[in-house]
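**Q** Please find the sequence and the predicted model below.
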Amino acid sequence: MFDQAADLLEEGKALKQVLDDLKPDEWSRPTPFKNWTVNHVVQHLHGSDKMAVLSLKDSEGFKKAKADPKLVELTMNPTEEGALLLDSWWSYFLEMCDLLGDSDPKRRVPWFGPDMGVMMFTTARQMETWSHGQDIFDMFGKTRVNTDRLKNIAVIGVRTYGWTFANRGMEPPGPAPYVSLISPSGEVWAFNDPDEANMIAGDAAEFCHVVTQGRNIKDVNLEVKGESAEQWMAIAQCFAGPPEDPPVAGSRTMNF
């Protein structure tokens, strides 16, 4: 199993630990993310994981399913709740991790949009698991202990600088900023050419929260300098799909 697949598995285990402790009525409590309940959050992850398993096991079957909106809707929106949902999600999640871990990291797999390399696909599933997992940590006021597997998400965040603007029909205001992040272990992760006038610096988890739109840039302590950096951090989006706006400042400020 290559490193990113192992990191995805660990990310899932961390989320499952929290879900295992939930009482039946807590599954229907709304999280700070668009008032989705815990059921909604896990259903969302589960639906994507099910489609990922199909893509990895049967690429042609995935393409046929993708062409059928009703089938996509049915698969992407599972109806199980509570303990049944937890069991079903975990079963598919483990299968997905095994399939990814046994794959050539350079293998291409079909997805919604362009095909993706297995390594990037794996990191994208980790990013979704981590970012939506934060919704649940936030709701229950649990302090999250991050590890250096967060680097995979930071890399996606940095690489999607141009995508953030293109997705909104905008031209980037300038070159990608220099990004210098302090990892959970204290290591410095540096990206792009050093530039004191165009830079973002600070805690890696805070950066990942901003690019996954779990936090507003005004609610973190990142140092942001320059037009490119400021415009990017105001709308950063490292996930696929139509443009989404970050949460309102002050609405997601827990657990730092």
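**A** Great, that's in hand. Keep in mind it's a predicted model, so treat the numbers as computed, not measured. Numbering: from 1, shown residues only.

**Q** Help me confirm that Thr147 comes into contact with Pro184.
**A** Yes. Between Thr147 and Pro184 there is a contact under Cβ atoms under 8 Å: 5.5 Å. Where C-beta positions appear, they are placed from N, C-alpha and C, glycine not excepted.

**Q** Can you show me the helices along the stretch 101-250 of the chain?
**A** Remark: helices assigned in the stretch 101-250 of the chain by DSSP state H, counting those that start in this stretch are 118-139, 151-159, 161-166, 204-211, 227-235.

**Q** Quick check: which ranges of this structure have low pLDDT?
**A** 254-256 (pLDDT under 70).

**Q** Show me it divided up by domain.
**A** Listed by automatic domain parsing, the domain ranges of the chain are 3-142, 150-235.

**Q** beta partners for Trp111?
**A** Bridge pairing for Trp111 (DSSP bridges) gives the partners Gly113.

**Q** what's the burial count for it?
**A** Neighbours of Trp111 under the rule other Cβ atoms under 10 Å: 18.

**Q** got it, and Asp148?
**A** Neighbouring residues of Asp148 were enumerated by other Cβ under 10 Å; the total is 15.

**Q** list the contacts for it?
**A** 183-185, 187 (Cβ atoms under 8 Å, 6 or more residues apart in numbering).

**Q** Can you tell me which of those residues is nearest Tyr92?
**A** Tyr92 lies nearest to Pro184 out of those, by Cβ to Cβ, at 28.1 Å.

**Q** now the closest one, nearest residue through space, not along the chain?
**A** Spatial nearest neighbour of Pro184, chain neighbours left out: Asn146 (4.6 Å); criterion: Cβ to Cβ, 6 or more residues apart in numbering.

**Q** correct me, but the one you found touches Ala205?
**A** Yes. Counting by Cβ under 8 Å, Asn146 touches Ala205, with 5.0 Å between them.

**Q** Neighbour count: these two, which is higher?
**A** Each of Asn146 and Ala205 has its neighbours counted (other Cβ under 10 Å); Ala205 has more, 24 against 16.
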